[in-house]
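# Sequence and computational prediction follow.
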Amino acid sequence: MSLSNRKPLRYGEGVAIADVEGVQSFLVARTDSLFRAHRGSVERHVVRGVRVALLQLVGTLQHSLSFLDSESLSEVERLQLRLQITLSWNALWALVSPWQWHDDYDHERWRHVKYWNVSHEVEIENLLADSISNRPGQGEPSGFEVD
């Protein structure tokens with residue numbers, strides 16, 4: 001993995017195939033013994049469910065990330081793809097997050113992301129600030145009168 005990918009992950013635009021594959025390898029290794037549990041056991045069913053979700057998310061992310069730089073995408077398609085990447089990454093992170101205590105957990109990269117990039121963060125923060133400042137009573141709960 002290149003040094004640039006070792007920076008702490010903060011935004012969706014920073015999610016890389018190496019991150020996705022790292023989570024996949026980590027989870028497969030953590031669930032391997034339960035995957036071989038007695039056929040029909042609760043443990044085996046739970047692990048199979050985790051692995052099906054893992055495969056779905058990994059496939060979605062690999063596919064989406066491969067199209068991200070395509071110049072043939074419209075702006076709407078690009079926004080949809082960014083949303084899909086962010087949502088899928090956060091779902092993948094939710095699967096791996098219970099292992100944050102593990103020595104092999106990558107605390108720098110395997111993080112929840114809230115925004116696509118810094119511009120998106122600023123845009124959303126400005127929208128929220130405008131929304132709050134435009135409320136009746138300028139931030140006071142509506143329905144209450146102040147004497």
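Okay, I see it. Residues are numbered from 1 along each chain as shown.
# can you give me the helices for the protein?
17-35, 42-67, 75-96, 118-133 (DSSP state H).
# Of those helices, give the one that comes closest to residue 8.
helix 17-35 (11.6 Å; CB to CB). From N, CA and C alone the C-beta is placed, and that goes for glycine too.
# Check which helices and strands the closest one sits against.
Packing partners of helix 17-35 (3 or more CB pairs under 8 Å, 6 or more residues apart in numbering; DSSP states H and E): helix 42-67, helix 75-96.
# Is there a neighbour count for the closest residue to residue 20 other than its chain neighbours? I'd like the number.
Counting by CB to CB, 6 or more residues apart in numbering, residue 20 lies nearest to residue 61, which is 4.6 Å off, once chain neighbours are set aside. By other CB atoms under 10 Å, the residues close to residue 61 number 24.
# Report the contact partners of residue 61.
By CB atoms under 8 Å, 6 or more residues apart in numbering, the residues touching residue 61 are 15, 17, 20, 85, 88, 89, 92.
# what do you get if the cut-off is 10 Å, keeping everything else the same?
Applying CB atoms under 10 Å, 6 or more residues apart in numbering to residue 61 gives the contacts 15-17, 19-21, 23-24, 84-85, 88-89, 91-92.
# Adding pLDDT, distance to residue 43 and neighbour count as columns, could you present the residues you listed in CSV?
Shown next, in CSV, are the contacts of residue 61 (pLDDT from 0 to 100; distance: CB to CB, whole Å; neighbours: other CB atoms under 10 Å):
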residue, pLDDT, distance to residue 43, neighbour count
15, 97, 31, 26
16, 96, 32, 17
17, 97, 30, 14
19, 97, 28, 22
20, 98, 26, 22
21, 97, 25, 14
23, 98, 21, 24
24, 98, 20, 20
84, 97, 32, 17
85, 98, 32, 23
88, 98, 26, 23
89, 98, 27, 26
91, 98, 22, 15
92, 98, 22, 24
